[in-house]
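A.B. asks: here you go, sequence then predicted model.
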Amino acid sequence: MTIRDRRPGSAALVLFPLVALLALAAVPPGARADEPKFRIGVVTFLSGAAAGPFGVPARNAAEVLVEAINAGKVPGPYAKPGFGGRQVEVVFLDEAGGTTKQVSEFRDLVQRQKVDAVIGYISSGDCLAVAPVAEELKALTVFFDCGTPRIFEDASYKYVFRASSHAAMDNIAAAFYVTEILPGAKKIAGINQNYAWGQDSWTDFETSMKVLKPGVEVTTSQMPKLLAGQYGAEISALMAGSPDVIHSSFWGGDLDAFVLQAVPRGALKKSTAVLTCGETATHKLAGQIPDGTVIGARGPHGAYAPDVELNRWFRAVYQDRFVLYPNYPAYHMAQAFLGLKAAYEKAQGGGAAAPTLDQIIAAFQGLTFETPSGTIRMALGKGHQAVEGTVYGQAKTVDGKLTYVNVRQYPADKVNPPEGVKSADWIKSGFKATK
Amino acid sequence: MSTILAVLVDGVIYASWLFIIAAGLTIVYGVMRILNMAHGSLYALGAYAAASLAGAWLRAGFAPVGSYAMLVAAAVVVGLVVGPLIERGLLRHLYGRDEVVLVLVTYALFLILEDAVKLVWGVESYFITEPYGLLGTVELGPLSYPVYSGALVVAALVVGVALRFGIYGTRYGKLLIAVIHDREVSAALGINVNRVYLVTFALGTTLAALGGALTAPTVSVVPGMGVEVIVLAFAVVVIGGLGSMPGAALGALIVGLVRSAAVHFFPQVELFSIYLVMALVLAFRPRGLFVAAEARKI
């Protein structure tokens, strides 16, 4: 994919200091100089193909959350305004542009804009590139949506956290679901994007299926290029093998295009599709998704979110402003903000003084906190990687409205490896290895 | 046997899609010597226009069959409005410059158009799915194909035959050939070269937009959709020979069949199969398959 660099032009260079000066002048006289705002850099796709289904819903979630947090309107344990009484301010940044650009933008956020923390990144590539830099700059960083398990499985970080589950869970749970709901499935096939996300997703699903159902046959594994858009030949190749199940971790425009091209050809009727990121497509393609398609939301998000006060509140405030319901990237964003707020306030220990960075980190490690998706535990990666349960269900259109049947919940421990065990090793051990 | 048939059918469908896009790129290069990097944006623009126009048509409750006419109309509107605007407003000031300068200019145009699309349509995805399923499907052995894909093949044939006839069978085409061979002499002979350029660029733009418009029903129309296309179209015209219409047709067919065979037999190499073919062709025919020896001006 060719990705453009979007540096501010000379006009922006002139305007930026001007705006900064004006912003400084605009500080209300009542604000105490010794209590500056807690500044958070929020990085998410605001342009490119991932903006519509991922980046923008995530930014929308950040917007409503920051307003509610500052006003002290978040229900449950989050009633204290701001972060422990300190107002929160966000700086939004576009994730488009590739890893090199993201690393330099990250340095800029931390060193020049002096944010107190960064919440961000949808792309696994960006997370992998930013993590060591965050460590080098000693910058508190919370990843909100990227999926690769490698971040905390291949390295160990002090300043980096991830407030949502990694992707191994999605594919392990998908394999459990298939063996439970479709016990007759003997032949599987896959279509995944040809980069880290798609390859890891397929490997985890394929290995899990082979462990759970020895003798299962793989008819084909298609790996088209990211953003290919035309899947005619791939769909033929999938159909030719008559698989019982077609696994796909497609997302965004690729997922939409695949569904649109496969449905008229009957490919998703003859085989049951398992779409691990399917939830983001259900908001606009509801009428196209065949009954029986297995839909994942990368955790208990969206339609699968639990009926708890925080979720009812989150859905209401989000829908109130943006009409659509929040999708799973929006839920992931909420998890990152609420996790950071919970850590900050725990570090304060009930007092009013601002905690130090080390105190926030110590409080965040191993933290258990409430979110619209339920309770999250920072249980892996030495307390830096969240685990949550997940949910799968099958689509069923009733009176033109998409509903879910055969909904199964998987508790976090069943579909996430234990601390210290790599996902791939855990799957190969038959989900038994305990370090 | 059925796999071979599937490879052929999938390959021809993909080739047709590629040819419509590559034909526009080829004609603009052939006549104007401009390697138009903005071709991908014009493709995207066609898709957006088609989604908007056909979407409005269907929402207004008109006959769904009319949505096909709307797809083509959208391409023509983009071609007739945006094409001349770019040619008259920007490119005509740059004729005679080095080809590389024009590549940079059209790349800048590509970036501007991508953002312009975002300004008009935002970053949300657009859908116009009805035309894809409306014509039903045909069964070929264990596989079924939408009739729409067949229509795409027909559209590519119509474009190919019309271009062939237009260039070799009409007076205007003969003027075009004269301009291709020598711009200055053509101008001296009284050919209105500026008008030939205007018409050519509008035609190239229409073909790019037609590619986008015919693709719109099969995808979600999203920002950035033109990026992939420009890379593929370049591969096709480079294989065929820059500026050669039969070359574009053969290049599209080769790329379509090779990619389709890779998908069916060796999915793990699909990603680079097209570039492998391109490298092989260029190793033996550095200027592509169909480029005739060219007299060099001294």
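C.D. replies: Noted; the coordinates are in hand.
A.B. asks: tell me which stretches of the stretch 1-150 of chain B form helices.
C.D. replies: For the stretch 1-150 of chain B, the helices defined by DSSP state H, counting those that start in this stretch cover B:2-32, B:39-59, B:66-89, B:99-121, B:130-134, B:147-168.
A.B. asks: report all helices and strands that the fifth one contacts.
C.D. replies: Think helix B:130-134. helix B:39-59, helix B:66-89, helix B:147-168 (3 or more C-beta pairs under 8 Å, 6 or more residues apart in numbering or on different chains; DSSP states H and E). Quick note: C-beta positions are derived from backbone N, CA and C, even for glycine.
A.B. asks: and the shortest one, which residues are buried?
C.D. replies: Okay, so that is helix B:39-59. For helix B:39-59, the neighbour count (16 or more other C-beta atoms under 10 Å in any protein chain shown) marks B:39-55, B:57-58 as buried.
A.B. asks: and that helix, what does it pack against?
C.D. replies: Using 3+ C-beta pairs under 8 Å, 6+ apart, the elements in contact with helix B:39-59 are helix B:2-32, helix B:66-89, helix B:99-121, helix B:130-134, helix B:193-215, helix B:225-240.
A.B. asks: between helix B:2-32 and it, find me the angle.
C.D. replies: Orientation of helix B:39-59 against helix B:2-32 (axes from the mean of the first three to the mean of the last three C-alpha atoms, to 10 degrees) gives an angle of 110 degrees.
A.B. asks: of all of the stretch 301-435 of chain A, which residue lies closest to chain B?
C.D. replies: Residue nearest to chain B within the stretch 301-435 of chain A: residue A:324 (10.1 Å; C-beta to the nearest C-beta).
A.B. asks: cool, the stretch 51-200 of chain A as well?
C.D. replies: Chain B sits closest to residue A:51 of the stretch 51-200 of chain A, with a gap of 4.0 Å, by C-beta to the nearest C-beta.
A.B. asks: can you list phi and psi of that residue for me?
C.D. replies: For residue A:51, the backbone dihedrals (degrees, to the nearest 10) come out as phi -70, psi -50.
A.B. asks: next one: residue A:273
C.D. replies: The phi and psi values for residue A:273, taken as degrees, to the nearest 10, are phi -80, psi 140.
A.B. asks: on that earlier part again, so which of the helices of the stretch 1-150 of chain B comes closest to residue B:243?
C.D. replies: When those are compared by C-beta to C-beta, helix B:2-32 sits nearest residue B:243, at 3.5 Å.
A.B. asks: list the buried residues in that closest one.
C.D. replies: So for helix B:2-32, counting by 16+ other C-beta under 10 Å, buried means B:3, B:6-7, B:9-32.
A.B. asks: so which of those also contact chain A?
C.D. replies: Restricting these to those near chain A by C-beta under 8 Å from any C-beta of the partner chain leaves B:3, B:6, B:7, B:9, B:10, B:11, B:13, B:14, B:17.
A.B. asks: thinking the last one is in contact with residue B:152, fair?
C.D. replies: Yes. Judged on C-beta atoms under 8 Å, residue B:17 makes contact with residue B:152 at a distance of 6.0 Å.
A.B. asks: who touches both of the two?
C.D. replies: Overlap of the contact sets of residue B:17 and residue B:152 (by C-beta atoms under 8 Å, 6 or more residues apart in numbering or on different chains) consists of residue B:214.
A.B. asks: so, low pLDDT: which residues of the stretch 1-150 of chain A?
C.D. replies: Of all residues in the stretch 1-150 of chain A, those with pLDDT under 70 make up the ranges A:1-34.
A.B. asks: so which of the helices of the stretch 1-150 of chain B is nearest residue A:161?
C.D. replies: Residue A:161 lies closest to helix B:99-121 among the helices of the stretch 1-150 of chain B, at 32.3 Å (C-beta to C-beta).
A.B. asks: contact partners of that closest one?
C.D. replies: Taking C-beta under 8 Å, 6+ apart as the rule, helix B:99-121 contacts A:4, A:47, B:33-42, B:44-45, B:48, B:52, B:86, B:90-91, B:94, B:221, B:223-224, B:226, B:230.
A.B. asks: equivalent analysis for stretch B:178-197, please.
C.D. replies: Residues outside stretch B:178-197 that contact it (C-beta under 8 Å, 6+ apart): B:30, B:31, B:32, B:87, B:91, B:92, B:95, B:175, B:176, B:243.
A.B. asks: now that stretch: buried residues?
C.D. replies: Result for stretch B:178-197 [16+ other C-beta under 10 Å]: buried residues B:178, B:179, B:180, B:183, B:186, B:191, B:193, B:196, B:197.
A.B. asks: now do that stretch: distance from first to last residue.
C.D. replies: 12 Å (C-alpha to C-alpha, to the nearest Å).
A.B. asks: one more: stretch B:236-244?
C.D. replies: From its first residue to its last, stretch B:236-244 covers 11 Å (C-alpha to C-alpha).
A.B. asks: for chain A, tell me whether that stretch is touching it.
C.D. replies: No. On the criterion C-beta under 8 Å from any C-beta, stretch B:236-244 is out of touch with chain A, staying 13.6 Å away.
A.B. asks: quick one: mean pLDDT for that stretch?
C.D. replies: Looking at stretch B:236-244 alone, the average pLDDT works out to 92.
A.B. asks: hey, where'd the strands end up in the stretch 251-400 of chain A?
C.D. replies: Per DSSP state E, counting those that start in this stretch, the stretch 251-400 of chain A carries strands over the ranges A:272-275, A:294-296, A:368-371, A:374-380, A:385-387, A:390-398.
A.B. asks: ok, the second one: who's next to it in the sheet?
C.D. replies: Strand A:294-296 has the following sheet partners, assigned by DSSP bridges: strand A:272-275 (parallel), strand A:390-398 (antiparallel).
A.B. asks: do the fourth one as well
C.D. replies: Strand pairing for strand A:374-380, using DSSP bridges, gives strand A:368-371 (antiparallel), strand A:385-387 (antiparallel).
A.B. asks: which residues are in contact with that strand?
C.D. replies: A:152, A:161, A:163-164, A:300, A:305-306, A:308, A:335, A:339, A:364-370, A:384-389, A:412, A:416-417, A:419.
A.B. asks: swap in the fifth one?
C.D. replies: Contact with strand A:385-387 is made by A:151-152, A:161-166, A:169, A:335, A:339, A:376-380, A:412-413, A:416, as judged by C-beta under 8 Å, 6+ apart.
A.B. asks: just the second one next, same as before
C.D. replies: Contacts with strand A:294-296, where a contact means C-beta under 8 Å, 6+ apart, come from A:170, A:173-174, A:177-178, A:181, A:272-279, A:282, A:289, A:390-395, A:404.
A.B. asks: spatially nearest residue to the residue of the stretch 301-435 of chain A closest to chain B (excluding sequence neighbours)?
C.D. replies: Using C-beta to C-beta, 6 or more residues apart in numbering or on different chains and skipping residues adjacent in sequence, the residue nearest residue A:324 is residue A:283, 5.7 Å away.
A.B. asks: swap in residue A:153?
C.D. replies: Leaving aside its sequence neighbours, residue A:153 sits nearest to residue A:422 (C-beta to C-beta, 6+ apart; 4.8 Å).
A.B. asks: again, but for residue B:273
C.D. replies: residue B:262 (3.9 Å).
A.B. asks: next one: residue A:189
C.D. replies: Excluding the flanking residues, the one nearest residue A:189 by C-beta to C-beta, 6+ apart is residue A:243, at 3.8 Å.
A.B. asks: and the one you found, which helix or strand is it part of?
C.D. replies: Element membership for residue A:243, per DSSP states H and E: none, as it lies in no helix or strand.
A.B. asks: residue in the stretch 151-298 of chain B nearest to chain A?
C.D. replies: residue B:220 (3.5 Å).
A.B. asks: in chain B, where is pLDDT below threshold?
C.D. replies: For chain B, the stretches flagged by pLDDT under 70 are B:1, B:292-298.
A.B. asks: quick check: the residue of the stretch 51-200 of chain A closest to chain B vs residue B:35, distance?
C.D. replies: Counting by C-beta to C-beta, to the nearest Å, the separation of residue A:51 from residue B:35 is 29 Å.
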